[in-house]
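*Asks:* this one's sequence-less:
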């Protein structure tokens, strides 16, 4: 269970706190913020499904993605999590819970 103190923290601090749990890394912490805590500004740029969706939509190569993803996410703020959920759904159309 996540404490009320943790829930009140900024995203970066929650990610650091979750990453202290053995077996949880950056990606897992971002997924918890995105899908469990519903944080609106979180965007997991290294998630495979999200990366592949951006490749499809924008026609980026891997190197272009690395160079441009931060600018895309900035444009999507403060709703980057919603963009991430739509990108995830694009790659997983039948999966429940992505939106």
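*Replies:* Nice, I can see it. From a predicted model like this one, the values you see are computed outputs, not experimental measurements. Residues are numbered from 1 along each chain as shown.
*Asks:* for the protein, give me the ranges with low pLDDT.
*Replies:* Applying pLDDT under 70 to the predicted model, the residue ranges of the chain that meet it are 1, 96-99.
*Asks:* what about the helices in it?
*Replies:* 4-7, 11-19, 26-31, 48-58, 62-76, 80-91 (DSSP state H).
*Asks:* ranking those by burial, who's on top?
*Replies:* Relative to the other members of those, helix 80-91 carries the highest mean neighbour count by mean count of other C-beta atoms under 10 Å, namely a mean of 19. The C-beta positions use only the backbone N, C-alpha and C, and glycine is treated the same way.
*Asks:* Provide the contact partners of that one at residue level.
*Replies:* Contacting residues not belonging to helix 80-91 are listed as 33-34, 38-44, 47, 49-50, 52-54, 56-57, 73, 76, 95, 98-99 [C-beta atoms under 8 Å, 6 or more residues apart in numbering].
*Asks:* let me see the domain layout of this structure.
*Replies:* With automatic domain parsing serving as the domain definition, the record reports that the chain contains domains spanning 4-36, 48-91.
*Asks:* and the last one, how far out from the chain middle?
*Replies:* Relative to the chain's own centre, domain 48-91 is displaced by 10 Å; criterion: C-alpha atoms, centre = their mean, to the nearest Å.
*Asks:* before we move on, what about the first one?
*Replies:* When distances are taken as C-alpha atoms, centre = their mean, domain 4-36 is centred 11 Å away from the chain's centroid.
*Asks:* what's the end-to-end length of that domain?
*Replies:* Counting by C-alpha to C-alpha, to the nearest Å, you get 14 Å between the two ends of domain 4-36.
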